[in-house]
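Undergrad: Build me a structure from this.
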Amino acid sequence: MERFDRVKKARERFGESNDCSVVATSIAARVPYNVAHAALKAQGRNNRNGTTPARMLKALEALGCEWEQVTEPRQANGSRYTMKTIGKACRRGFYIVLVNGHVAAVVNGKVEDWTNDRRHHVRAYWKVTVPKGSRS
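TA: As a prediction, this is how the structure comes out:
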């Protein structure tokens, strides 16, 4: 959880809490915490409060990212993914994963969050890409 630990240190300077959306956006968009914080603030997120998935996705777009919702958040056996198993579906790339009341990033199959290896059920997830040349 190298990325998560690095972002977690940056968030302490902001005196933030309830900022899982900022942490996940920072990791998935490959931008520093303060840049993700500003992008979500511009979309209406208040300090020390969560935000909606719609605002997160708009913030990703403002950061030059593209996203694609994964349509079937279920395993081959029909059961829902959990934070413990979601890495199987997200082996390559950067993802934002929504669970009840929380959001996290997954990078190349590795959950970058405190929910790693937990059994929180995944409600939805999005693949996040940064097109070449979208950032100068």
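
Undergrad: Helix or strand with the lowest mean pLDDT in this protein?
TA: Least confident helix or strand of the chain, by mean pLDDT, DSSP states H and E, is helix 2-12 with a mean of 78.

Undergrad: Buried residues, that helix. List them.
TA: Of all the residues in helix 2-12, those buried under the rule 16 or more other CB atoms under 10 Å are 3-4, 7-8, 10-11. For the C-beta atoms, the positions are set from N, CA and C on the backbone; glycine is no exception.

Undergrad: count of residues packed around the closest residue to residue 83 other than its chain neighbours?
TA: Closest residue to residue 83 apart from its sequence neighbours, by CB to CB, 6 or more residues apart in numbering: residue 115 at 4.3 Å. Close neighbours of residue 115, defined as other CB atoms under 10 Å, add up to 19.

Undergrad: again with residue 62
TA: 14.

Undergrad: Quick check: it touching residue 42?
TA: Yes. Residue 62 is within contact range of residue 42, at 6.6 Å (criterion: CB atoms under 8 Å).

Undergrad: For residue 23, give me phi and psi.
TA: Backbone torsions of residue 23, given as degrees, to the nearest 10, read phi -60, psi -50.

Undergrad: So for it, what's the nearest residue that isn't a sequence neighbour?
TA: That would be residue 7: by CB to CB, 6+ apart, it lies 5.1 Å from residue 23.

Undergrad: Right, I'll call it a day here.
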